[in-house]
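Enquirer: Got a sequence here, can you build the structure:
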Amino acid sequence: MKLGVICDGISRDLGHAIDVMDEFDLEYAELQFVGDTEVGDHSKAEIAEINSLLRDRGKPVSCLSRHIFAGMTAANRPGDALHTQHMDALKRVIDMAHVVGAPLVRIMTQRKEQILWGSHGAEKWNVAHGVWDTMPPLIAPAVELAKSEGVVLGVETGNGTLVNSCYTARKLIDDLDAKDTLKVLWDPGNNCWCHERAYPDGYEEMRGGYLGHVHIKDVMVDTPRATLEVRRMGEGQLTDQFEPMANALRDDGYDGVISFESVYHPGNGNFEDGFRLCVDKFKAIFA
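Expert: You can find the predicted model right below:
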């Protein structure tokens, strides 16, 4: 399968990140921060320099991952100041995607409300009524923009967002009738927080053409204690699910990219050290 890494998880120095990618034979670069700048905020000259570096080193870009729509709430409406700010950023990221040849641009969704639907009493006492219905109108203009620009959006299953499972990601895509333009950016580590088992439960939700991109990391969640620990790969709660996930992706002919998300460090704050402790396991499972 196509393997890559979110480069700033190694280093925000893109040249150094590529050196490390070469060391471990990882081909696909996912860009989030380059230098101290998030994608979408680089100048034209900086984008040209980034593009030249990637092409010279033979690193195709799998995804541009800005935090589009993150931090918005159910109080936001299409066209308000914050939504306009995010849409403007999305336009800039898409412009960069055209230059660097990125086929996919990540979006997020607004802040999580815990209970969106319910019955037999919960609908009266527990449900955050109407919250879900505020989201499709916020995302629809992004889908139309992506469609007109010839790129695909990947909605990440994110911690603390309304779309934090494969089920909710698929529901958003179906609600917008946008399966050709909006795909699931599956982060099974994030889905642990809402207790959606990655395989087979989450994976089954995405069958039929919904999956667009994958982030891989290992974690241990303790929802009652509101605590998340990133673990060395193979030492977290996804340990027994990575192999079945990889086998299912192979069997189904998944032709997208699997990006290692290097957000683990061994206690010293050095994420490159964490990457080096995890990458062999990642490759052994997903290559």
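
Enquirer: State the distance from Asp8 to Glu272.
Expert: To Glu272, Asp8 is 11 Å away according to CB to CB, to the nearest Å. C-beta here means a position set from N, CA and C on the backbone, and glycine is covered the same way.

Enquirer: So which of those two has more stuff around it?
Expert: Each of Asp8 and Glu272 has its neighbours counted (other CB atoms under 10 Å); Asp8 has more, 21 against 15.

Enquirer: where does that one fall, phi/psi-wise?
Expert: Per-residue torsions, Asp8: phi -70, psi -10 (degrees, to the nearest 10).

Enquirer: Per-residue confidence, it, what does it come out as?
Expert: Asp8 is assigned a predicted lDDT (pLDDT) of 98.

Enquirer: Please name the residues that touch it.
Expert: Taking CB atoms under 8 Å, 6 or more residues apart in numbering as the contact definition, Asp8 lies against Ala17, Leu31, Gln32, Phe33, Val34.

Enquirer: mind running it again at 7 Å?
Expert: With contacts taken as CB atoms under 7 Å, 6 or more residues apart in numbering, Asp8 has the following neighbours: Gln32, Phe33.

Enquirer: likewise Gly236?
Expert: Going by CB under 7 Å, 6+ apart, Gly236 touches Asp218, Val219, Met220.

Enquirer: ranges for the strands of the stretch 51-200 of the chain?
Expert: 61-64, 104-107, 152-156, 182-186 (DSSP state E, counting those that start in this stretch).

Enquirer: Which member of the contacts of Gly236 is positioned nearest Ala169?
Expert: Val219 (18.3 Å; CB to CB).

Enquirer: what pairs with the helix or strand containing that closest one, and is each one parallel or antiparallel?
Expert: According to DSSP states H and E, Val219 maps onto strand 218-222. According to DSSP bridges, the neighbouring strands of strand 218-222, each with its direction, are strand 227-231 (antiparallel).

Enquirer: returning to what we had before: need the strands of the stretch 51-200 of the chain in JSON lines (columns: mean pLDDT).
Expert: What follows is those, written out as JSON lines (pLDDT from 0 to 100):
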{"stretch": "strand 61-64", "mean pLDDT": "98"}
{"stretch": "strand 104-107", "mean pLDDT": "98"}
{"stretch": "strand 152-156", "mean pLDDT": "98"}
{"stretch": "strand 182-186", "mean pLDDT": "98"}
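
Enquirer: Format these as a markdown table; extra columns: mean neighbour count.
Expert: Rendered in a markdown table, the data for these read as follows (neighbours: other CB atoms under 10 Å):
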| stretch | mean neighbour count |
| --- | --- |
| strand 61-64 | 26 |
| strand 104-107 | 25 |
| strand 152-156 | 25 |
| strand 182-186 | 26 |
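
Enquirer: and these as a markdown table, adding distance to Gly212?
Expert: Conversion of the strands of the stretch 51-200 of the chain to a markdown table gives the following (distance: least, CB to CB, whole Å):
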| stretch | distance to Gly212 |
| --- | --- |
| strand 61-64 | 9 |
| strand 104-107 | 6 |
| strand 152-156 | 5 |
| strand 182-186 | 3 |
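
Enquirer: buried set for the strand holding Val219?
Expert: Using 16 or more other CB atoms under 10 Å as the test for burial, strand 218-222 gives Asp218, Val219, Met220, Val221.
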